[in-house]
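**Q** coordinates for the following, if possible.
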Amino acid sequence: MNELEAQASALREQKRWCEARKCYEEMITLGLGPMDEAKILANIMQMYEKEGNIEKAMEAGTRAFDIVQTYRLYETNEGAHLRGFIRGRLGRLRGEPFPWHLPIAFFAAYFIGASLGAVIGSQIAYEGLTIRGVVQTDLRYGGAGIGAVIGLLMLARPLSHLSLVFLAIVGILNFALLCFILTEKSISLGIGVIVSLFVPIILLTAIMFMRKENEII
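**A** Predicted coordinates:
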């Protein structure tokens, strides 16, 4: 198995798609577990796509997706990532438009968490030392950053099952609330924090747009 993996990887690097596919097809005959079989089928799907055989690519991808669903592999992080990869690639092979639902769900979860963090942080006041001396401040800015991360990690998956319109509205409303809270005391500082919060979500969406071929195994 390890020898075939190394051989397939080397052939991929050389863009010898047909030969790489045959290595993966040989792996399938080794009596693998569901996760490994689904991964290798996903690689076969990619090789067929590179060869220009879209029908065979879709057939391999569908088999891989069925295994993920049948054995509930998506209940693990690795399986959930694999299912997302296969689903996205099958959609691309079918000529479907870019799936905006997931990035919008991330947007909503991110700014729900950020706004809640800012609200909670604004209630935690303390005396801070600045060049102007001791001033009364709070934790709204730090709370927004921590809340954004927690919201993304905890809410993105549950929210992804809701409608796109609802997610967009919720995300925009929470972003507006966040802007109000962060600029209430200092417009310049608030805008700076808002811009910095946007960087991770923009990068995440950009990654989803990337078409770089990634090997599954």
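**Q** give me the neighbour count for Ala57.
**A** 23 (other C-beta atoms under 10 Å). (C-beta placed from N, C-alpha, C; glycine too.)
**Q** show me the contacts for Met154.
**A** 109, 113 (C-beta atoms under 8 Å, 6 or more residues apart in numbering).
**Q** report the rounded mean pLDDT for the host helix or strand of Val119.
**A** Using DSSP states H and E, the element containing Val119 is helix 101-122. Across helix 101-122, pLDDT averages out at 91.
**Q** buried sites along it?
**A** Judged by neighbour count using 16 or more other C-beta atoms under 10 Å, the buried positions of helix 101-122 are 102-122.
**Q** break down the protein into its helices, ranges please.
**A** With DSSP state H as the criterion, the chain has helices at 2-13, 17-28, 34-51, 54-70, 77-93, 101-122, 140-159, 164-183, 187-209.
**Q** quick check: angle from the second one to helix 54-70?
**A** Relative orientation of helix 17-28 and helix 54-70, computed by axes from the mean of the first three to the mean of the last three C-alpha atoms, to 10 degrees: 30 degrees.
**Q** which other helices and strands does helix 17-28 contact?
**A** With contacts defined as 3 or more C-beta pairs under 8 Å, 6 or more residues apart in numbering; DSSP states H and E, helix 17-28 has these neighbours: helix 2-13, helix 34-51.
**Q** next, the angle helix 34-51 makes with that helix.
**A** Using the same axes, to 10 degrees: helix 17-28 against helix 34-51 is 160 degrees.
**Q** show residues contacting helix 17-28.
**A** Against helix 17-28 from outside (C-beta under 8 Å, 6+ apart): 1, 4-5, 7-8, 11-12, 37, 40-41, 43-44, 47-48, 50-51.
**Q** only whichever of those residues are buried, select them in ChimeraX.
**A** Listed next is the ChimeraX selection for buried residues among those, using 16+ other C-beta under 10 Å:
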select :4,5,8,11,12,37,40,41,43,44,47,48,50
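**Q** domain map for the chain?
**A** 2-93, 101-209 (automatic domain parsing).
**Q** check the ones you listed for me: which has the lowest mean pLDDT.
**A** Sorting these by mean pLDDT places domain 101-209 lowest, at a mean of 86.
**Q** and that domain, how far out from the chain's middle?
**A** Taking C-alpha atoms, centre = their mean, to the nearest Å, one finds the center of domain 101-209 at 18 Å from the center of the full chain.
**Q** got it, and stretch 55-75?
**A** For stretch 55-75, the distance to the chain centre is 19 Å (C-alpha atoms, centre = their mean).
**Q** please apply the same query to stretch 37-53.
**A** Using C-alpha atoms, centre = their mean, the offset of stretch 37-53 from its chain centre is 21 Å.
**Q** which residues sit against it?
**A** For stretch 37-53, using C-beta under 8 Å, 6+ apart, the contacting residues are 8, 12, 15, 17-18, 20-21, 24-25, 27-28, 32, 54, 56-58, 60-61, 63-65, 67-68, 73, 82, 85-86, 89-90, 93, 213, 215-217.
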